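Visitor: next come a sequence and a model predicted from it.
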Amino acid sequence: MPDVFTKAKRSLVMSRIRSRGNKETELAMARLLRAHKISGWRRHVEIRKAEGGKRKAGNGSSKLSGASSRRLLQVRPDFVFRRARVAVFVDGCFWHGCPRHGTKPKGNAAFWRKKLSGNRTRDALVNRALRRAGWRVIRIWEHELKPRKEMRLLHRLKRFLA
């Protein structure tokens, strides 16, 4: 089926899709944490690890820096539990290639294959870097936030925080 928008209009529409504050993922997780009185978390706090092994949390842009940068690690998880040193990422099934619900677009297949593969590769790199820096990482799929799976998710989260 052809796109109903022109190329310029589709580009504008896609540029308006927010990477933060998504109702289906991040906001649903925040509601879940609040409803079950789980405290000690902050959203989008940057985790940094300096070259000398110093670790700190602060503000700035999210990126995983290369060897040429002074900071080896600069990541901004969706939720951070600083005391427990737990980083929580809430991943959309499409954008992060969920094995159950991730779809593969037929149009411009090569682009999407590269894009989604790159997202998964970056996720693995971020997980590895955070774990090396002494953080525990939880990745939660969008479909795990459904009400019928809520208790399983809460038990998993509480195990990490204990």
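Guide: That came through, no problem. Numbering: from 1, shown residues only.

Visitor: at which residues are the helices of the protein located?
Guide: 7-15, 26-35, 109-132, 150-161 (DSSP state H).

Visitor: which outside residues touch the longest one?
Guide: This points to helix 109-132. The contact list for helix 109-132 (C-beta atoms under 8 Å, 6 or more residues apart in numbering) reads 47, 49, 64, 72-73, 75, 77, 87, 89, 91, 95-97, 102, 104-105, 137, 139. For every residue, glycine as well, the C-beta is placed using N, CA and C.

Visitor: okay, and which of the residues you listed map to strands?
Guide: Cross-referencing these against strands under DSSP state E gives 47, 49, 72-73, 75, 87, 89, 91, 137, 139.

Visitor: including distance to Ser39, could those go into JSON lines?
Guide: Output for the ones in strands among the contacts of helix 109-132, formatted as JSON lines (distance: C-beta to C-beta, whole Å):
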{"residue": "Ile47", "distance to Ser39": "19"}
{"residue": "Lys49", "distance to Ser39": "25"}
{"residue": "Leu72", "distance to Ser39": "30"}
{"residue": "Leu73", "distance to Ser39": "26"}
{"residue": "Val75", "distance to Ser39": "22"}
{"residue": "Ala87", "distance to Ser39": "17"}
{"residue": "Phe89", "distance to Ser39": "19"}
{"residue": "Asp91", "distance to Ser39": "23"}
{"residue": "Val137", "distance to Ser39": "20"}
{"residue": "Arg139", "distance to Ser39": "22"}
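
Visitor: could you work out the most separated pair of the residues you listed?
Guide: Maximum pairwise distance in the ones in strands among the contacts of helix 109-132, criterion C-beta to C-beta, is 23.4 Å, between Leu72 and Asp91.

Visitor: re earlier: please spell out the ChimeraX selection for the buried subset of the contacts of helix 109-132.
Guide: In ChimeraX, a selection of the buried entries from the contacts of helix 109-132 looks like this (16 or more other C-beta atoms under 10 Å):
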select :47,49,72,73,75,77,87,89,91,95,96,97,102,137,139
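
Visitor: just the buried residues of stretch 155-162, please?
Guide: The neighbour-count check on stretch 155-162 (16+ other C-beta under 10 Å) flags 157, 161 as buried.

Visitor: send the alpha carbons of it over as CSV?
Guide: Taking C-alpha atoms only, stretch 155-162 is exported to CSV below (Å, rounded to 0.1, in the frame of the first residue of the first chain):
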residue,chain,number,x,y,z
HIS,A,155,8.6,-9.5,41.1
ARG,A,156,11.4,-9.2,38.6
LEU,A,157,12.0,-5.6,39.4
LYS,A,158,11.9,-6.2,43.2
ARG,A,159,14.5,-9.0,42.9
PHE,A,160,16.9,-6.5,41.2
LEU,A,161,16.3,-3.9,43.8
ALA,A,162,16.7,-6.2,46.8
